[in-house]
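Student: what follows is a predicted structure for the sequence shown.
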Amino acid sequence: MPYGLRVAAAVSWRLLVVAAALAVLGFLATKLASVLVPVAVALLLAGLFSPAVSWLAGKKVPRGLATAIVLVMGIALAGAVVTFVVITVTVGMPGLIDQVTVSLTDLHTWLKTGPLHLSQGQLDEMVGNLTAMLGRNKSAIASGALTTAVTVGELLAQLLLVVFCLIFFLAQGNAIWAFVLRAAPARLRERVDVAGRSGFTTLAHYIRGTAAVAFADAAGIGLGLVIIGVPLAAPLSTLVFLGAFVPVIGSVIAGAIAVLVALVANGVWAAVIVLAVVVGVMQLESHVLQPLLLGRAVRLHPLAVVLALAAGLVTAGIVGALLAVPLLAVFSSGVRSLGASGAEAEDPGAP
């Protein structure tokens, strides 16, 4: 048998074994998604909150009490933001509805007197077709509302799991990691420990840097919306902040929604100005904020980010897009640490 064929066969069956193992892992991850996703989100939040807990612990505050203080402050801040957004939406929605009504009236007039010259009968037929389509899909809409209610219940349960895991990650993170580390062979335990800590350091740098970038994006775009006079500026700024945690596409989608609201509520020129503000903030983020705040700690090629994002979207939707890049950053940092030695392994940002 030719040597090349023997090598190809040996490589092929090993690739098949690896593919089968990945398929089994993917199947298990899909079945356990309702548990794995909250744990992953709790790890992200642990990377965000751990400096505050460590600082309080350094001030002789018991770590359990420090964890409680940080979590209560975080929940209070999140509750205040949600309350502010809800109040803003409640106050601003009537004005937005009035502006949308005016825009629809202008659109109706333009369709009749503009280049299309549609007759009243044609407009009535279009409205009738839209109404009939909604009537035909009434059952689907109702079932979708029921599914949404079930999903909300599941999200509440997963949110409780996130909080539960986060409490233990912050209060007993080192003890949990020491327990997990026992699964590694004794001769490799030290290197695995270094790789794991390096990965968590990278995760912490990523989530903190991304939060800072998201805050800057929301502040910049929100200020522009307020100056231009676009309604619901606070909810749109919150949407920009949340969208920034999904790399590449999150901020773009949130900015597009802001432009659409400006177009409907304030007209074409306001939408153009908002678009210019969004593009300017995105350029500032790409060329200044991300290199400055994320730095060398998260070293991922743009192509790797896009491919990870696409794979996350295809396999797990929005949740996959949210978790794909930080997981890739952790994996990349861990692999680099395992391949490094000495001082290089201790510094996750070492080239």
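Tutor: Now that the structure is in, tell me what you want to look at. Numbers count the residues shown, from 1 in each chain.

Student: list the buried residues of stretch 224-236.
Tutor: 224-225, 228, 230-236 (16 or more other Cβ atoms under 10 Å). Yep, even glycine has a C-beta here, placed from its N, CA and C like the rest.

Student: please report the distance of Ile69 from Pro231.
Tutor: As judged by Cβ to Cβ, to the nearest Å, Ile69 and Pro231 stand 37 Å apart.

Student: same check, this time on Ala9
Tutor: 66 Å.

Student: please apply the same query to Gly280.
Tutor: For Gly280 relative to Pro231 (Cβ to Cβ), the value is 21 Å.

Student: quick one on the thing from earlier: redo the buried residues of stretch 224-236 as JSON lines? Include pLDDT and distance to Leu156.
Tutor: Shown next, in JSON lines, are the buried residues of stretch 224-236 (pLDDT from 0 to 100; distance: Cβ to Cβ, whole Å):
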{"residue": "Gly224", "pLDDT": "90", "distance to Leu156": "35"}
{"residue": "Leu225", "pLDDT": "88", "distance to Leu156": "31"}
{"residue": "Ile228", "pLDDT": "88", "distance to Leu156": "37"}
{"residue": "Val230", "pLDDT": "82", "distance to Leu156": "32"}
{"residue": "Pro231", "pLDDT": "81", "distance to Leu156": "30"}
{"residue": "Leu232", "pLDDT": "80", "distance to Leu156": "26"}
{"residue": "Ala233", "pLDDT": "83", "distance to Leu156": "29"}
{"residue": "Ala234", "pLDDT": "83", "distance to Leu156": "24"}
{"residue": "Pro235", "pLDDT": "85", "distance to Leu156": "21"}
{"residue": "Leu236", "pLDDT": "86", "distance to Leu156": "25"}
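
Student: next, format these as CSV and append distance to Val162 and secondary structure.
Tutor: Shown next, in CSV, are the buried residues of stretch 224-236 (distance: Cβ to Cβ, whole Å; DSSP: H, G, I helix; E, B strand; the rest coil):
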residue, distance to Val162, secondary structure
Gly224, 33, helix
Leu225, 31, helix
Ile228, 37, helix
Val230, 33, coil
Pro231, 33, coil
Leu232, 28, coil
Ala233, 29, helix
Ala234, 25, helix
Pro235, 23, helix
Leu236, 26, helix
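
Student: so how many other residues sit close to Leu77?
Tutor: Applying other Cβ atoms under 10 Å, we find 10 residues neighbouring Leu77.

Student: show me the shaky parts of the stretch 101-250 of the chain.
Tutor: For the stretch 101-250 of the chain, the stretches with pLDDT under 70 are 102-104, 106-108, 110-112, 114-120, 122-124, 126-128, 130-153.

Student: which residues of it fall in helices?
Tutor: Remark: helices assigned in the stretch 101-250 of the chain by DSSP state H, counting those that start in this stretch are 120-136, 138-181, 189-228, 233-243, 250-266.

Student: of all those helices, which one is nearest Gly334?
Tutor: Set against Gly334 and scored by Cβ to Cβ, the helices of the stretch 101-250 of the chain come closest in helix 189-228, at 4.2 Å.

Student: from the contact counts, what lies against the closest one?
Tutor: helix 33-58, helix 138-181, helix 233-243, helix 250-266, helix 268-284, helix 290-293, helix 302-339, helix 343-346 (3 or more Cβ pairs under 8 Å, 6 or more residues apart in numbering; DSSP states H and E).

Student: quick check: which of those is buried the most?
Tutor: Among the helices and strands packed on helix 189-228, helix 233-243 has the highest mean neighbour count (mean count of other Cβ atoms under 10 Å), at a mean of 22.

Student: just the CA coordinates of that helix, formatted as PDB?
Tutor: In PDB, the C-alpha atoms belonging to helix 233-243 read as follows (Å, rounded to 0.1, in the frame of the first residue of the first chain):
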ATOM      1  CA  ALA A 233     -33.500  58.600  23.300                       C
ATOM      2  CA  ALA A 234     -32.900  56.800  26.600                       C
ATOM      3  CA  PRO A 235     -34.300  53.400  25.500                       C
ATOM      4  CA  LEU A 236     -32.500  53.700  22.200                       C
ATOM      5  CA  SER A 237     -29.200  54.400  24.100                       C
ATOM      6  CA  THR A 238     -29.900  51.400  26.300                       C
ATOM      7  CA  LEU A 239     -30.400  49.300  23.200                       C
ATOM      8  CA  VAL A 240     -27.000  50.600  21.800                       C
ATOM      9  CA  PHE A 241     -25.300  49.600  25.100                       C
ATOM     10  CA  LEU A 242     -26.700  46.100  25.000                       C
ATOM     11  CA  GLY A 243     -26.000  45.700  21.300                       C
END
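
Student: quick one: distance of it to the chain centre.
Tutor: Distance of helix 233-243 from its chain centroid, counting by Cα atoms, centre = their mean, to the nearest Å, is 13 Å.
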